[in-house]
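Student: my questions are about this predicted structure, shown below with the sequence.
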Amino acid sequence: MKFQIYLTASVAALALSGTAMAQSNDSTVTQSGSGQDATVTQPGSGNTSIIDQSASDNTVNVNQIGTDSISDVTQTGVQGLVLVTQSGSEHTANITQSSPDPGDPTVQAGIQVNQAGSLNTVNIDQSGSFSAVALPGGLLPNVSPGLIASQVGNGNTQNFIQGGVDNFTSNTQTGDDNMSTLTQSGIAALASMAQIGNTNTIVGSQSAANANITNTIVTQNGANNIATFVQDGTTNTGFFANPLTINQIGDSNSASAVQSGNNDSALIQQNGNLNDSTILQNAGGDGNSATATQDGLDGDSSITQSGTTNIATLLQDGSLNASTIIQDGTSNMGTVTQGGMGDVSVLSQTGMGNVATVTQNVTPP
């Protein structure tokens, strides 16, 4: 009986020891320079936080609520702000911030990362300035949002590189195994992206030197969708110059848009499945507008624009339809509407002021 009591006590002690080991967290903070502020809160277990701050007046707040997550933050600039919240398990957040001195004590280069679920990854390299972060209670005084990365689900990945001035990125992933990659350089590049579903992919690049704003909105609701965009508007002049919107609601759709001109507008909307849409707006163009809407199944769409103030519109329903629109000139207008099965349309316009309308297998209202 005495041996049994000792054995029980030993097992209980071992269990307590194991619990203590399981709840062990690791935090390392290295600060040089002046005015640095770092706060680490680890109510979870098995988490690791690494913070390295140099230069001056940087702020980091890391809150690790879950288990076995890693947060690694390096700040080498001036007046940087990083907020990291990790709930769930086995997340990774790697953040490097090297923003220059904005010259205004109320302005911060801001990053906010929220990770819930498991096995999510965020990689951020931010070297721009005059961008900040949206806090739960509102915006910081005199600043606008900077980079917000939110992940709710499992196995999602986000990769961001921001350089320049006034860049803003907001990316939300809800689901599993989604991938987002964005590179922004220049002045006033704006991107808002959302993925709701599984195994969706977004790949984007914006270069907006000497522009007012290069504006991108990408939303994917479904599974296995792919969105690719490139904006290189180095001489844009208008407010919200080169707006680009890609909305995919469905499964296995592919959308690609490349804008190299000035003040161009591109809109792709896919509400069906297995659709493929491409918009190419070439360098040297100005004020071109392209819209592709695909609501059917397994449709194919291609719009290519060069020149000035051309308008191309595609409305595609039905299944297995294909449309190609090519415009090179000034103030041409082309509209294609397809509603049947296996329709094919090729529309090419050069010159000035041409108007063409193609309607295939669409019942009149």
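Tutor: Looks like it arrived, so ask away. Numbering: from 1, shown residues only.

Student: and the helices in the chain?
Tutor: Using DSSP state H, the helices found in the chain span residues 2-22.

Student: shaky segments in it?
Tutor: Within the chain, the ranges that satisfy pLDDT under 70 run 1-22, 104, 106-107, 128-145, 164-165, 186, 208-214, 233-241, 365.

Student: again, only using 50
Tutor: The chain contains residues with pLDDT under 50 at 1-21, 132-145, 235-239.

Student: any figure for the gap between Ser170 and Thr304?
Tutor: For Ser170, the distance to Thr304 (C-beta to C-beta, to the nearest Å) stands at 30 Å. In short, each C-beta sits where N, CA and C put it, glycine included.

Student: Thr278 contacts Ser256, correct?
Tutor: Yes. Contact between Thr278 and Ser256 holds when scored by C-beta atoms under 8 Å: they sit 4.8 Å apart.

Student: relative to Asp37, how far out is Val62?
Tutor: Applying C-beta to C-beta to Val62 and Asp37 gives a distance of 12 Å.

Student: for Val271, give me its contacts.
Tutor: One correction, residue 271 is Asn, not Val. Asn271 makes contact with Ile249, Gly250, Thr293, Gln294, Asp295, according to C-beta atoms under 8 Å, 6 or more residues apart in numbering.

Student: highest neighbour count among the residues you listed?
Tutor: Counting neighbours by other C-beta atoms under 10 Å, the top entry in the contacts of Asn271 is Gln294, with 31 neighbours.

Student: quick one, what contacts that one?
Tutor: Asn253, Gln269, Gln270, Asn271, Gly272, Asn275, Ser277, Ser301, Leu314, Gln316, Asp317.

Student: 6 Å - rerun?
Tutor: Gln270, Gly272, Asn275, Ser277, Gln316 (C-beta atoms under 6 Å, 6 or more residues apart in numbering).

Student: ditto for Ser277
Tutor: Each residue near Ser277 by C-beta under 6 Å, 6+ apart is listed here: Ala255, Ile268, Ala292, Gln294, Ser301.

Student: who's more crowded, Val62 and Asp37?
Tutor: In this view Val62 and Asp37 are compared by other C-beta under 10 Å, and Val62 has more residues nearby, 26 against 12.

Student: can you name the residues bridging to that one?
Tutor: Per DSSP bridges, the residues bridged to Val62 are Val40, Val84.

Student: gap between it and Ile226?
Tutor: 33 Å.

Student: please apply the same query to Gly197.
Tutor: Separation of Gly197 from Ile226 (C-beta to C-beta): 12 Å.

Student: which of the two has more neighbours?
Tutor: Using other C-beta under 10 Å, the more surrounded residue of Gly197 and Ile226 is Gly197, with 22 against 18.

Student: correct me if wrong: the more buried one contacts Gly222.
Tutor: Yes. Counting by C-beta atoms under 6 Å, Gly222 is a contact partner of Gly197 at 4.8 Å.

Student: let me see the contact set for the residue lying closest to Asn332 once chain neighbours are set aside.
Tutor: In space, and not counting its chain neighbours, Asn332 is closest to Gln349: 4.2 Å by C-beta to C-beta, 6 or more residues apart in numbering. By C-beta under 6 Å, 6+ apart, the residues touching Gln349 are Gln327, Asn332, Gly334.

Student: what's the local residue count around Val346?
Tutor: By the measure other C-beta under 10 Å, the count of residues near Val346 is 12.

Student: now do Val344
Tutor: Other residues near Val344 come to 12 when the count uses other C-beta under 10 Å.

Student: before we move on, what about Asn273?
Tutor: Neighbour count of Asn273, defined by other C-beta under 10 Å: 21.

Student: wait, it touches Gln248, no?
Tutor: No. Counting by C-beta under 6 Å, Gln248 is not a contact partner of Asn273; they are 10.0 Å apart.

Student: hmm, Ser205 is touching Thr228, no?
Tutor: No. The criterion here is C-beta under 6 Å, and Ser205 misses it with Thr228 at 9.1 Å.

Student: what touches both of the two?
Tutor: By C-beta under 6 Å, 6+ apart, Ser205 and Thr228 have no common neighbours.

Student: straight-line length of stretch 27-40, end to end?
Tutor: Taking C-alpha to C-alpha, to the nearest Å, stretch 27-40 runs 7 Å from one end to the other.

Student: ugh, typo on my part, it should be stretch 341-356
Tutor: In stretch 341-356, first residue to last residue: 22 Å (C-alpha to C-alpha).

Student: around Pro364, how many other residues sit close by?
Tutor: When counting by other C-beta under 10 Å, one arrives at 4 neighbours for Pro364.

Student: kindly report the same for Val362.
Tutor: Counted with other C-beta under 10 Å, residues neighbouring Val362 total 14.

Student: so who does the nearest residue to it once chain neighbours are set aside touch?
Tutor: In space, and not counting its chain neighbours, Val362 is closest to Gly339: 4.0 Å by C-beta to C-beta, 6+ apart. Gly339 is in contact with Asp317, Gly318, Asn361, Val362, counting by C-beta under 6 Å, 6+ apart.

Student: now those residues: which count as buried?
Tutor: Using 16 or more other C-beta atoms under 10 Å as the burial test, those include Asp317, Gly318 as buried.
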